[in-house]
Structure formats: structure tokens, C-alpha cells
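Colleague: Below are the sequence and a predicted model; questions follow.
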Amino acid sequence: SVVLTGIGTVLADDPALNVRLAGASRQPLRVVLDSALRAPVAARMFQREGPALILVSSALADLEARCAPYAGHGVRVEAVAPAAAGGLDLSAVLARLAALEANEVWVEAGAQLAGALLAQQLVDELVLYLAPCLLGPGALPLAQLPKLADLDQRVALQYHEVTRVGED
């Protein structure tokens, strides 16, 4: 399995993206989408047991030289096609992960990557953990989606299960 995130989340939150359950026998492939290779070599996700992969833009110059510091930490860096609007082509990203036999891709990311995956209809299932509180207009959005011209353009979802976990 794969845990996928974007460079914005790595820079803002420095997530570990590892399984921390007692008795866990294996770790997922931790993947960061980082078109310009800005991820710090010292990021927590690269310091944990298990494999890590950075996917960068194939248009990035001097890729081989820039990858050397990551190899010393056991982190692979691979190039995929860039998207026309910048960033990475998400279909190419998912095709590469499929080639690596990733049958499950869990995304733990911010609004930009989450919104792009939803807008391009590349999401099979959405698992949300919601706290019972409202943060107001300054809070970060769940997903950055394009503005709707009419309600028919909305992302329509269906409930499959709702489970309360703790008090928050």
C-alpha cells in the first residue's frame, strides 16, 4: 500500500506517514509529489523505517545531481510527466504507482492535492475524520475545488458508513 502526500503538506506539517500501531509488521510506501524537488532531506517521512519515494517533474533540470542527497537516506526519486497547469500529471502519478503494484493509495494531503484528485475524478473513496467544531472563515479548506457555475457541477458523494471515534 501507499500513503501519498504533496510537498505543501511536507513543508507545512512534516508528517511521518508511517504506521504507529503496536505490532505493525510492515510500513507503506510513503510518496511525496514534489515537482521541483523541494522536500528537505531531513523530513520525518524520510527518517522512518520503510520505503519512501519522491515523484518529481520530468522537466526538472539537473535531476540526477539533485537526487544524490536523498539516495543516502534510502529515498528514491523518480520523474513523471508534468501537468499542463504546473505540478505533476496525476494520471501519470497513479499509473506509476500502479506499475509499482500499489493497489491501495491513501492520500493524506492538503486542499490543493485533495481538490485536484477530486476534480479529476481520481478518487474511489473518501474517508473523512471530522471534529465537531467550526473554525470560521480563516480555516484551511478540505479541498480546493474549481468555482461552480451551477449546482450540477458539484462533487456528489454517497454515505457508506459513519462511525463516531472518541469525543473529537
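Modeller: Right, received. Where do you want to start? Numbering: from 1, shown residues only.
Colleague: Quick one: find the helix or strand in this protein with the lowest mean pLDDT.
Modeller: helix 63-71 (a mean of 89; mean pLDDT, DSSP states H and E).
Colleague: Could you check the angle the helix or strand following it makes with helix 63-71?
Modeller: Note on helix 63-71: by DSSP states H and E, the next helix or strand toward the C-terminus is strand 75-80. Put simply, strand 75-80 runs at 150 degrees to helix 63-71, going by axes from the mean of the first three to the mean of the last three CA atoms, to 10 degrees.
Colleague: who touches strand 75-80?
Modeller: Strand 75-80 has contacts (CB atoms under 8 Å, 6 or more residues apart in numbering) with 37, 41, 46, 51-58, 60, 63, 66-67, 70-71, 88-89, 92-93, 96. To be clear about C-beta, it is placed using only N, CA and C from the backbone, and glycine gets the same treatment.
Colleague: Name the surrounding residues that touch the helix or strand containing V3.
Modeller: Using DSSP H and E, V3 falls within strand 2-6. For strand 2-6, the external contacting residues (CB under 8 Å, 6+ apart) are 15, 17, 28-34, 45, 93, 97, 100, 102, 104-110, 112-113.
Colleague: how would you label L55: helix, strand or coil?
Modeller: Three-state assignment for L55 (DSSP: H, G, I helix; E, B strand; the rest coil): strand.
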